[in-house]
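[1] Coordinates only, no sequence provided:
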């Protein structure tokens, strides 16, 4: 466990950068004929402190990835969906400092890190692609630290909402619906802020018609208005 929310946000940037490396064609060559298991809503896929070096590829569902600070506060690094991977920080850190929890019934495939290394050794094109992706990932990691650790509650909330719209958004009339059910507490954990402050900021955005809720409780976002709110 880490000492401050800011250090968790820095770890989040590395996590989000690493996850891009294991997507796409590289992922497709690893998964055929491997078994799929189901994680129930609210269940942990892995916990902090685990020493197994295993990555989990999401076939269906939504998973939150995060950690708990020394003060007992949960911080969410990222949300992952179909086609993403969780557990990637075991590549550079054991025992695990993060944890992954299913936000809904989720199907996954587990792949030991040793098998991923063996695959890379036998596939020169994949290895070259990994090195290129690492360089891009390290650059984007620094950008993300700045994005998430600066500004007040409202500014950080807008950044998180725009990130959710990009990651989980689907068109719903003139708005974008975030296709994942998130509580205010979970949104606050993504910002390393208090739920009370996030609630006030969300109500302000709702008053300005930038944020609404669907009948199913999903966020409905006016992305254009959010992108221009501070201009």
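    That came in fine, so what should we check first? Treat the numbers as computed from the prediction; the structure is a model and nothing was measured. Residues are numbered from 1 along each chain as shown.
[2] So for stretch 36-48, first residue to last residue, what's the gap.
    In stretch 36-48, first residue to last residue: 23 Å (Cα to Cα, to the nearest Å).
[3] Return the set of buried residues in that stretch.
    Buried residues in stretch 36-48, counted by 16 or more other Cβ atoms under 10 Å: 39, 45-46, 48. Backbone N, C-alpha and C define where each C-beta goes, glycine included.
[4] residues in contact with that stretch?
    1, 52, 54, 56, 59, 61, 63, 67-68, 86-87, 95-110 (Cβ atoms under 8 Å, 6 or more residues apart in numbering).
[5] Need the buried ones from the residues you listed selected in PyMOL.
    Selection of buried members from the contacts of stretch 36-48 for PyMOL, criterion 16+ other Cβ under 10 Å:
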select buried, resi 54+56+59+61+63+67+68+86+87+96+97+98+99+100+101+102+103+106+108+109+110
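[6] one step back: could I get the buried residues of stretch 36-48 as a markdown table with secondary structure, distance to residue 31 and pLDDT?
    Output for these, formatted as a markdown table (DSSP: H, G, I helix; E, B strand; the rest coil; distance: Cβ to Cβ, whole Å; pLDDT from 0 to 100):
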| residue | secondary structure | distance to residue 31 | pLDDT |
| --- | --- | --- | --- |
| 39 | strand | 17 | 97 |
| 45 | strand | 16 | 97 |
| 46 | strand | 18 | 95 |
| 48 | coil | 26 | 90 |
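[7] of all these, which comes closest to residue 216?
    Distance to residue 216, by Cβ to Cβ, is smallest for residue 39 among the buried residues of stretch 36-48, at 21.5 Å.
[8] any idea how far the nearest residue to that closest one once chain neighbours are set aside is from residue 31?
    Nearest residue to residue 39 in three dimensions, chain neighbours excluded: residue 102, at 4.1 Å (Cβ to Cβ, 6 or more residues apart in numbering). Note on residue 102: its distance to residue 31, by Cβ to Cβ, to the nearest Å, is 19 Å.
[9] Relative to residue 191, how far out is the residue of the chain most remote from its centre?
    Taking Cα atoms, centre = their mean, the residue of the chain most remote from its mean C-alpha position is residue 122, at 29.9 Å. Going from residue 122 to residue 191 by Cβ to Cβ gives 42 Å.
[10] Show me where this structure has its strands.
    Taking DSSP state E, the strands of the chain run over residues 37-39, 44-46, 54-60, 63-68, 74-80, 85-86, 99-102, 106-112, 169-172, 175-178, 211-213, 219-221.
[11] Mind putting those strands into TSV with distance to residue 228?
    Below are these laid out as TSV (distance: least, Cβ to Cβ, whole Å):
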stretch	distance to residue 228
strand 37-39	39
strand 44-46	38
strand 54-60	33
strand 63-68	29
strand 74-80	25
strand 85-86	34
strand 99-102	34
strand 106-112	35
strand 169-172	17
strand 175-178	15
strand 211-213	14
strand 219-221	13
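[12] pLDDT at the residue nearest in space to the middle of the chain, what is it?
    By Cα atoms, centre = their mean, the chain has its centre lying nearest to residue 78, at 2.0 Å. pLDDT, residue 78: 82.
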